[in-house]
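Student: predicted model and sequence follow; I will ask about them next.
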Amino acid sequence: MVALSVDRLRELLSYDLETGHFRWLVSRQGTGGKGSIAGNTSVYGYREIRVDYVLHKAHRLAWLYVHGALPVNEIDHIDGNKANNRLSNLRIANRSQNTANRRTPRADNQLGVHGVSRSRNGFTARVMKDSVLYRLGTYDTVELASIAYRNKHAELYGEFSPFWGEAA
């Protein structure tokens, strides 16, 4: 399979830096036609566009369109909205940084709070970075444990933390 070139991409689609939308420059079967917004939103919330029979994530196409090449690493949506493909909302990130930018707790999280679990003596907060587990202590309330987690997460991940810049 041949990788999509920036020239082929620009031949078929236009990209609006301000809206993050791609529009078809050509009429193609199965699309809304020339000038229509390209792609669909996946069940995971990403905008996807089929080009030459290959499905691509729109944020990766946006990067290719503007920069002429795909990054080796991942592309992170700064605001956590997977459908917001404005160039100003995209940045290169490694796997750890991209995962750290998760806005909502995992589906299997029983307390609904990042980094906090129930323990025998209250609520335990911990965070992991680069395979190092930081045990932040046990607290009387979920709220106190959550504050400890958010502060440490912001300290460790900086601008890639959704809690960066919060006052604790």
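Tutor: Now that the structure is in, tell me what you want to look at. Numbering: from 1, shown residues only.
Student: can you get me a residue count around Arg8?
Tutor: 13 (other Cβ atoms under 10 Å). C-beta coordinates here come from the backbone N, C-alpha and C atoms, glycine included.
Student: dump the residue contacts of it.
Tutor: By Cβ atoms under 8 Å, 6 or more residues apart in numbering, the contact set of Arg8 is 51-52.
Student: again, but for the one 4 residues further on
Tutor: By Cβ under 8 Å, 6+ apart, Leu12 lies in contact with 24-26, 28, 51.
Student: restricted to strands, list the residues you listed.
Tutor: 24, 51 (DSSP state E).
Student: just give me the least confident of the contacts of Leu12.
Tutor: Among the contacts of Leu12, Arg28 carries the lowest pLDDT, at 75.
Student: quick one: which of the contacts of Leu12 is nearest Leu61?
Tutor: Using Cβ to Cβ, Val51 is the member of the contacts of Leu12 that lies nearest Leu61, at 7.7 Å.
Student: buried subset of the contacts of Leu12?
Tutor: 24, 51 (16 or more other Cβ atoms under 10 Å).
Student: now distance to Val132 too, for the contacts of Leu12, in CSV please.
Tutor: Formatted as CSV, these follow (distance: Cβ to Cβ, whole Å):
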residue, distance to Val132
Trp24, 47
Leu25, 49
Val26, 51
Arg28, 49
Val51, 41
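Student: what lies in contact with stretch 60-80?
Tutor: For stretch 60-80, the external contacting residues (Cβ under 8 Å, 6+ apart) are 4, 6, 9-10, 13, 15, 17, 20, 22, 49, 51, 59, 84-85, 87-95, 97-98, 101-103, 160, 162.
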